[in-house]
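okay, predicted coordinates and the sequence, questions at the end:
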Amino acid sequence: MTNYLDLLEKDIINIKNGEVIGRFDDVEIDASKGKITAFYIEEGSRFMGILGKSKTRKIRWEDIIRIGVDVIIVNADDDNRAIKEMLE
């Protein structure tokens, strides 16, 4: 079983191109069903706000392939970037 704090330490890797796309930042839950519907990922580097603003990317629960010991593997298309821009 993985808890929230463990998720914060994991890199997110896109299986389509092997790219490390960011780190886990938050989760979206459907309260009526009691299920996770999406993860939010912090893209880019941010060091106390000095290195610039990081961007948020939404990954649907269905696109998460595996939550491993060190990484989370996802199958993410570039069309998620449009969602990212809407959240800014």
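Yep, that arrived.

show me how far stretch 3-21 is from its chain's centre.
Computed by Cα atoms, centre = their mean, to the nearest Å, the separation of stretch 3-21 from the middle of its chain amounts to 7 Å.

next one: stretch 29-44
The chain centre lies 9 Å from the centre of stretch 29-44; the measure is Cα atoms, centre = their mean.

got a list of contacts for it?
If you take Cβ atoms under 8 Å, 6 or more residues apart in numbering as the criterion, stretch 29-44 is touched by 12, 21-28, 52, 54-61, 64, 72, 84, 87. The way it works is simple: take the backbone N, C-alpha and C, and place the C-beta from them, glycine included.

how about the helices in the protein?
4-8, 80-87 (DSSP state H).

my guess is Asp77 meets Lys16, correct?
Yes. In this structure, Asp77 is within contact of Lys16 by Cβ atoms under 8 Å, at 7.5 Å.

centroid residue for the protein?
Geometric centre of the chain, nearest residue: Ile41, 2.9 Å, by Cα atoms, centre = their mean.

please tell me how far that residue sits from Ile67.
13 Å (Cβ to Cβ, to the nearest Å).

next: Lys33.
Lys33 is 20 Å from Ile67, by Cβ to Cβ.

same thing with Lys10?
Lys10 is 7 Å from Ile67, by Cβ to Cβ.

and for Gly18?
18 Å.

again, but for Asp25
15 Å.

can you give me the strands for this structure?
11-14, 20-30, 35-43, 55-60, 64-67, 71-74 (DSSP state E).

please identify which of Gly18 and Ile67 sits among more neighbours.
Between Gly18 and Ile67, counting by other Cβ atoms under 10 Å, Ile67 is the more crowded of the two (16 against 7).

which ones are touching that one?
Going by Cβ under 8 Å, 6+ apart, Ile67 touches Thr2, Leu7, Lys10, Ile73.
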